[in-house]
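Engineer: Kindly return the folded structure for what I paste below:
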Amino acid sequence: MTDESPPLTPDEKVWAFRKATNSVENAPKRWTERVRTGLTDEQLAAAIKYELGEMGGYCGSDGVSVEYEGNGLKIWAAHGMPHRHTETPMCAGPATLRLAREVYGIADPEEKQMGLF
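Structural biologist: Numbers count the residues shown, from 1 in each chain. Predicted coordinates for the structure are as follows:
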């Protein structure tokens with residue numbers, strides 16, 4: 001993000017996350033299946049890494065540009081061009097896992113909820 005660019009809104013961050021994690025053909029079908037089955041953190045990290053690929057990006061007329069990298073599960077987003085070599089990613093590592101669980105609603109089958117009674 002450049003100094004003149006306004007910060008991303010929460011909705012823009014979700015849009016950027018979805019854009020980055022849906023860049024490979026048939027990604028929506030895979031995310032639907034992942035929501036259905038749930039994924040451990042290890043499985044979710046592998047799934048995100050697959051969807052992000054080695055690296056990629058999107059620059060369009062939507063006002064938000066996105067760059068991403070599978071190694072480290074990093075996603076950059078900004079108004080204008082994000083500078084992946086000089087800026088902190090919007091999310092990386094465990095933060096990317098948390099965002100994926102929130103955005104897609106993916107449960108962790110190893111996470112057991114304690115009984116209330």
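Engineer: only C-alpha atoms for contact and neighbour calcs from this point on.
Structural biologist: Will do.
Engineer: center of the protein, which residue is that?
Structural biologist: Phe17 (3.9 Å; C-alpha atoms, centre = their mean).
Engineer: ok, for it, nearest residue in space, not its chain neighbours?
Structural biologist: Closest residue in space to Phe17, ignoring its immediate chain neighbours: Ile75 at 7.3 Å, by C-alpha to C-alpha, 6 or more residues apart in numbering.
Engineer: same question, Ala92
Structural biologist: Spatially, and ignoring its direct neighbours in sequence, Ala92 is nearest to Lys74 (4.3 Å; C-alpha to C-alpha, 6+ apart).
Engineer: who's in contact with that neighbour?
Structural biologist: Applying C-alpha atoms under 8 Å, 6 or more residues apart in numbering, we find Lys74 in contact with Tyr68, Pro89, Met90, Cys91, Ala92, Gly93, Thr96.
Engineer: That one bridge partners, please.
Structural biologist: Under DSSP bridges, the beta-bridge partners of Lys74 are Glu69.
Engineer: Could you report the distance from it to Ala95?
Structural biologist: Noted for Lys74: a distance of 9 Å to Ala95, by C-alpha to C-alpha, to the nearest Å.
Engineer: cool, Glu12 as well?
Structural biologist: According to C-alpha to C-alpha, Glu12 and Ala95 sit 16 Å apart.
Engineer: neighbour count winner among those two?
Structural biologist: Just comparing Glu12 and Ala95: by other C-alpha atoms under 10 Å the higher neighbour count belongs to Glu12, 17 against 13.
Engineer: pLDDT score assigned to that one?
Structural biologist: At Glu12, the pLDDT value in this model is 94.
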